[in-house]
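Student: sequence plus the predicted model coming up.
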Amino acid sequence: GKYDFLLASNGSTVYCVEGDSVVSILDKKGRGRDEYLYITTLAYSPEDSLLYVVDADKKMLIYKLPENKLVKSFEDLPAIHSLKVIDNNRLLAKCFASENDLDERYGFLYIDTKTGMISDMVFTFSNTASKYLDDANITQCEGSVYFVLGSNDVNQFYSYTRGKFSPQLNFMYSRKLRIPERVRVKDPDNLNEQILYAEYVSSHKYCIGAFSRSVTWMAKR
């Protein structure tokens with residue numbers, strides 16, 4: 001819509017900006033009914049002026065703008081890392097569901113904004129892809145959602161439109177720019193593998209996945 005939303009680095013203050021003016025400030029950190037501990041992601045629905053805020057405590061709070069009045073809240077959600085409004089009563093959420101099988105822990109699901117009901121995973125991806133797919137890299141434009149799933153070998157560009165996930169293109173980086181086989185995580189529950197991988201990516205140059213800046217997709221790192 002006509003607003004931009006800025007989440008402060010403290011994870012508790014949201015500035016609603018229209019043009020060059022702050023028109024509303026949401027700051028309700030606490031443990032009360034209409035409060036949150038730390039905001040992990042948010043989404044806005046311009047049709048009904050509702051702001052959806054996800055708390056690190058696996059809770060969603062829905063506020064009516066501009067007065068920031070709590071309309072509804074849902075608890076006991078999975079760990080949600082990104083949220084997009086896809087129609088009047090439904091959200092598309094990227095999440096981590098720990099109770100699923102290893103290969104299905106990460107993916108997208110639907111949340112019904114009227115009932116709080118959560119669907120099964122409608123699209124899943126690997127642990128590696130999840131590491132390089134954060135909220136800023138899931139782009140929404142004119143009713144569609146776009147994202148790139150990073151992989152150690154073949155990276156995939158996807159779109160989501162009207163309930164359907166569609167691969168758009170695949171691309172690969174040269175072998176010398178990929179993360180080597182010897183440090184890749186084979187078992188997400190293996191702490192030693194995770195540490196070896198983290199040490200490598202923190203100290204080496206590499207290419208995996210992509211991230212968005214405006215309408216341009218660029219290589220990670």
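Tutor: Okay, I see it. Owing to the predicted nature of the structure, the values given are computational and were not obtained by experimental measurement.
Student: what comes up buried for the top helix by length along the chain?
Tutor: Secondary structure of the chain read by DSSP state H shows that its longest helix is helix 191-203. Neighbour counts using 16 or more other Cβ atoms under 10 Å place 197, 201 of helix 191-203 among the buried residues. Where C-beta positions appear, they are placed from N, C-alpha and C, glycine not excepted.
Student: confidence score at the residue most central in space within the chain?
Tutor: The centroid of the chain falls nearest to residue 82 when counting by Cα atoms, centre = their mean (2.2 Å). Residue 82 carries a pLDDT value of 94.
Student: contact partners for it?
Tutor: 41, 93-94, 133-135, 138 (Cβ atoms under 8 Å, 6 or more residues apart in numbering).
Student: go on, residue 43?
Tutor: Taking Cβ under 8 Å, 6+ apart as the definition of contact, the neighbours of residue 43 are 51-52, 83-85, 91.
Student: what's the farthest-apart pair in those residues?
Tutor: Using Cβ to Cβ, the two most remote members of these are 51 and 84, lying 13.5 Å apart.
Student: how distant is stretch 44-64 from the center of its chain?
Tutor: Remark: stretch 44-64 is offset 14 Å from the chain centroid, using Cα atoms, centre = their mean, to the nearest Å.
Student: and that stretch, how far apart are its ends?
Tutor: 10 Å (Cα to Cα, to the nearest Å).
Student: looking at the contacts of residue 43, which are in helices?
Tutor: In helices, defined here by DSSP H, there are no members of those.
Student: and the closest residue to residue 37 other than its chain neighbours, what are its phi and psi?
Tutor: Counting by Cβ to Cβ, 6 or more residues apart in numbering, residue 57 is the residue found nearest to residue 37 once chain neighbours are left out, at 5.1 Å. The phi/psi pair for residue 57 (degrees, to the nearest 10) reads phi -90, psi 20.
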